[in-house]
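>>> predicted coordinates and the sequence they were generated for:
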Amino acid sequence: MDTSNIGILIDSALDLDKNFRSRKNVRVVPVYVNFGEKSYKDRVDISIGKFFEMIETSKEWPTTSQPPPSDFYEAYAELAKETKTIYSFHISSKLSGTIQSAQIASKQFMEDNPDVKIKIIDTKSLSIGGQVVIEKFLQFYSQSKSEEEVWEPLQKFIDTFKVYIALYTLEYLVKGGRLKKSRSFIANLFNYKPLLILDDGELKPYKKARGYDKIVKLGVEEAFSGRKKDDKFKFVIAVVQDHQFAKQLLHELNEQYPNATGSIMTIGPALSVHAGPRAVCTMTYD
C-alpha cells in the first residue's frame, strides 16, 4: 500500500527527529509544560534550552499536562485537507491520559466528517519509542495488501520492544512526585544512579549503579544484550543536552557493531520534566 496517501499524527511525548517532523503528512500535537499557572506548548513555546533556564529561575517546579481534545481536533482538520486516512500515535496509556483526549477528538471529528477515517494507536512507549513504532508501521503498511495485515506484526513489535533510560539525578522524579524523597536520599547518599525500563507500556525501576558513567554503560549493555558483533539491526540513542557525549557513544557502538545502523535523537521538555538534563535513552530493534 502507498504510505504517501495517509496522514500521521503524534503527540509530543513521543520524540521525532526534525526530518520526520517536517514531512507534509505529519502533524505533532504538543504536550503542555506548566510553570505554575503559565503553560507552554512543548517544542513550540518552549525549547529544551529555555526549559532548563526557567527551572533555574522559576519558583514553581514544572509539570506536564495532556493536550485537550480541541488541539487534536484542529490537527486532524489540518491533516484531512491532505488525506482522508489518518493514523494517530500516542504515548502509552499506562503513563498518560493523552490518548483519551485523542479518542474524544477523533470520534467527534469523524462524526463531523464521515469521509475521514482516524485510527488511534497506543504505542506503549514514550520518547524515542514513538518514531520507531511509526517507522515499523510504515514498513508493514508498505509491505501489506490490506490494512488488516498491518496490525498483528505491529502489535507484536509494540508488545515486545524495550527502552532503557539511565538517569543522572533523581531530583526531577522526586520533585515531580514520581519518587518518594526517602528513596532519593538513600540513592544519592551512596551515589547510586537508576536505570529505568519501559516494558509493555510501563516505566519501572530496573537496575542501579554507583556513578553516572556506569549507569549509562549498563543501559547500553542491557539494550544491546543478545546482539552479536556482525548482526544487522538498528539502534537509537536519545539525550537531552549531551550531544557530544551521544556522538562519542554512537561512534563507539558503530565500531563495536559495524553492521548496525544507529541514530541520535533529542529528548524534549515533556520527558525532561521527569528525567532531568542528562537522561540517556537507548533501544535496539530489527
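Thanks, I have it.

>>> ok, and for stretch 251-261, which residues are buried?
Within stretch 251-261, the residues that qualify as buried by neighbour count (16 or more other C-beta atoms under 10 Å) are L253, Y257, A260. C-beta here means a position set from N, CA and C on the backbone, and glycine is covered the same way.

>>> return the distance of that stretch from the chain's centre.
For stretch 251-261, the distance from its own C-alpha centre to the chain's C-alpha centre is 23 Å (C-alpha atoms, centre = their mean, to the nearest Å).

>>> so for that stretch, what's the average pLDDT?
Averaged across stretch 251-261, pLDDT comes to 97.

>>> other residues contacting that stretch?
For stretch 251-261, the surrounding residues in contact (C-beta atoms under 8 Å, 6 or more residues apart in numbering) are 220, 224, 227, 229-235, 237, 262, 284.

>>> who wins on neighbours among the residues you listed?
For the contacts of stretch 251-261, the largest neighbour count, defined by other C-beta atoms under 10 Å, is 25 neighbours, found at T284.

>>> sec struct for that residue, please.
Secondary structure assignment for T284 (DSSP: H, G, I helix; E, B strand; the rest coil): strand.

>>> how much space separates it from I158?
T284 sits 15 Å away from I158, going by C-beta to C-beta, to the nearest Å.

>>> can you list the contacts of stretch 251-261 in a markdown table and add secondary structure?
Formatted as a markdown table, the contacts of stretch 251-261 follow (three-state DSSP):
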| residue | secondary structure |
| --- | --- |
| V220 | helix |
| F224 | coil |
| R227 | coil |
| K229 | coil |
| D230 | coil |
| D231 | coil |
| K232 | coil |
| F233 | coil |
| K234 | strand |
| F235 | strand |
| I237 | strand |
| G262 | strand |
| T284 | strand |
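
>>> I'd like to know which of those is nearest to R278.
Out of those, the one with the shortest distance to R278 is I237. That distance is 13.0 Å, counting by C-beta to C-beta.

>>> does the closest one touch T284 like I think?
No - the pair I237 and T284 fails to qualify as a contact (C-beta atoms under 8 Å) at a distance of 10.3 Å.

>>> averaged pLDDT, stretch 213-224. What do you get?
Confidence over stretch 213-224 (mean pLDDT, whole number) is 96.

>>> so which residues make contact with it?
Surrounding stretch 213-224, the residues in contact under the criterion C-beta under 8 Å, 6+ apart are 162-167, 193-195, 197, 206-209, 235, 249, 253, 257, 280, 282-284.

>>> returning to what we had before: the buried residues of stretch 251-261 in helices, which ones?
Counted as lying in helices by DSSP state H, out of these, are L253.

>>> columns distance to I46 on top of the buried residues of stretch 251-261, output as a markdown table?
Conversion of these to a markdown table gives the following (distance: C-beta to C-beta, whole Å):
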| residue | distance to I46 |
| --- | --- |
| L253 | 31 |
| Y257 | 36 |
| A260 | 34 |
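
>>> for the buried residues of stretch 251-261, which one is nearest E60?
Ranked by distance to E60 (C-beta to C-beta), those are led by L253 at 38.8 Å.

>>> dump the contacts of stretch 251-261 into CSV; add distance to P30 as well.
As requested, the contacts of stretch 251-261 are arranged in CSV below (distance: C-beta to C-beta, whole Å):
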residue, distance to P30
V220, 30
F224, 32
R227, 35
K229, 41
D230, 41
D231, 37
K232, 35
F233, 32
K234, 27
F235, 27
I237, 24
G262, 27
T284, 28
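
>>> closest one of these to K41?
Each of the contacts of stretch 251-261 was scored against K41 by C-beta to C-beta, and I237 proved nearest at 26.0 Å.

>>> now that closest one: how far from S127?
Taken as C-beta to C-beta, the span from I237 to S127 is 11 Å.

>>> one step back: which of the contacts of stretch 251-261 sit farthest apart?
D230 and I237 (20.6 Å).

>>> chain neighbours aside, what residue packs nearest to I46?
Once flanking residues are discounted, I46 sits nearest to Y40: 3.9 Å by C-beta to C-beta, 6 or more residues apart in numbering.

>>> next, count neighbours for that neighbour.
20.

>>> can you check F72 too?
If we define neighbours as other C-beta under 10 Å, then F72 has 29 of them.

>>> with E222 instead?
When counting by other C-beta under 10 Å, one arrives at 18 neighbours for E222.

>>> how far away is it from I128?
Looking at E222 against I128, where the rule is C-beta to C-beta, the gap reads 15 Å.

>>> before we move on, what about P269?
Distance of P269 to I128, computed by C-beta to C-beta: 15 Å.
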